[in-house]
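Asker: Model the following, please.
(one chain, ligands or ions: 2)
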Amino acid sequence: MSAPRRFTGDTLVIASHNSGKVREIAELLAPYAAHFTTAGALGLPEPEETGDSFVANAELKARAAASAGHIALADDSGLVVPALNGDPGIYSARWAGPEKDFALAMAKVEEGLAGKTDRSAYFVCALSLAWPDGHVETVEGRCYGTLVWPPQGEHGFGYDPMFRPNGYAITFGEMDPTEKHEMSHRADAFAQLVERCFQ
Ligand SMILES: O=P(O)(O)OP(=O)(O)OP(=O)(O)OC[C@H]1O[C@@H](n2cnc3c(O)ncnc32)[C@H](O)[C@@H]1O
Ligand SMILES: [Mg+2]
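Answerer: Residues are numbered from 1 along each chain as shown. Ligands and ions are numbered 1, 2, ... in the order given. So this is what the prediction gives:
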């Protein structure tokens, strides 16, 4: 295997159209990239997520944005629920429908869990850094926890209000963002990416 390619300090494009994610990525990235912009700010289209895994979709989104000329970082993430055979998984965004209604998406998860005792779940975050020549570096992070009902807390985004990480008495929705950044699936993936490409 060849050595990982390092980020060289150019402008970095955050290849996501999700403002919750962009905010978290910008905060995690601040120490490593002085200049960054977003796919939305550059007017780049949102590519169709046709991959069959988090990694495949992260690479597809990163490559699509990098083709515009700057190194790009994409995140494909989601909530995996073993009692729902892994759903919503890579379809986590799509479960919220065109209106991006996560109250609806969380209610669908809860409905699926009716009568089930296993309420374990984990978040996955694949991060892919792509160069304009097509090279990619990809990592995957996880965070394990339990699903609670009703949803609790106003912080974060997506499924955060119903996810209580193991070892905590509160949901991601109730957690201070700086604390989520220390132990989330995105933080786990970030630590791996920093070690590979930013040090
Ligand atoms: O593809 P981009 O443009 O980045 O934005 P997206 O929202 O479509 O992102 P994904 O395709 O990766 O879908 C992931 C969904 O999983 C959910 N998700 C991911 N990370 C999460 C987190 O930290 N907390 C809560 N929900 C999360 C969230 O609802 C996302 O919409
Ligand atoms: Mg998406």
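
Asker: make it CA atoms for all contacts and neighbour counts henceforth
Answerer: Fine.

Asker: Quick one: mean pLDDT over the longest helix anywhere in the chain.
Answerer: Secondary structure of the chain per DSSP state H: the longest helix is helix 54-66. Taken as a whole, helix 54-66 has a mean pLDDT of 97.

Asker: Next: stretch 100-113.
Answerer: 98.

Asker: Any figure for the gap between the closest residue in space to Met162 that isn't next to it in sequence and Gly158?
Answerer: The shortest distance from Met162 to any non-neighbouring residue, by CA to CA, 6 or more residues apart in numbering, is to Pro151 (4.5 Å). Taking CA to CA, to the nearest Å as the measure, Pro151 and Gly158 are separated by 11 Å.

Asker: Next: Thr117.
Answerer: Following CA to CA, the distance that separates Thr117 from Gly158 is 23 Å.

Asker: Then Glu195?
Answerer: When Glu195 is compared with Gly158 (using CA to CA), they lie 28 Å apart.

Asker: before we move on, the earlier item: tell me if the residue nearest to Met162 really is in a strand.
Answerer: No: remark: Pro151 does not belong to a strand; assigned using DSSP: H, G, I helix; E, B strand; the rest coil, it is coil.

Asker: Would you mark the buried spots in the host helix or strand of His181?
Answerer: Assigned by DSSP states H and E, His181 belongs to helix 177-183. Neighbour counts over helix 177-183 (16 or more other CA atoms under 10 Å) mark 180-181 as buried.

Asker: Contacts for the following helix or strand past it, please.
Answerer: Going down the chain from helix 177-183, the next helix or strand is helix 185-193, by DSSP H and E. Outside helix 185-193, the residues that touch it by CA atoms under 8 Å, 6 or more residues apart in numbering are 28, 123-127, 138-143, 180-181.

Asker: mind checking which helix or strand the residue lying closest to Ala33 once chain neighbours are set aside is in?
Answerer: Excluding the flanking residues, the one nearest Ala33 by CA to CA, 6+ apart is Gly9, at 6.3 Å. Element membership for Gly9, per DSSP H and E: none, as it lies in no helix or strand.
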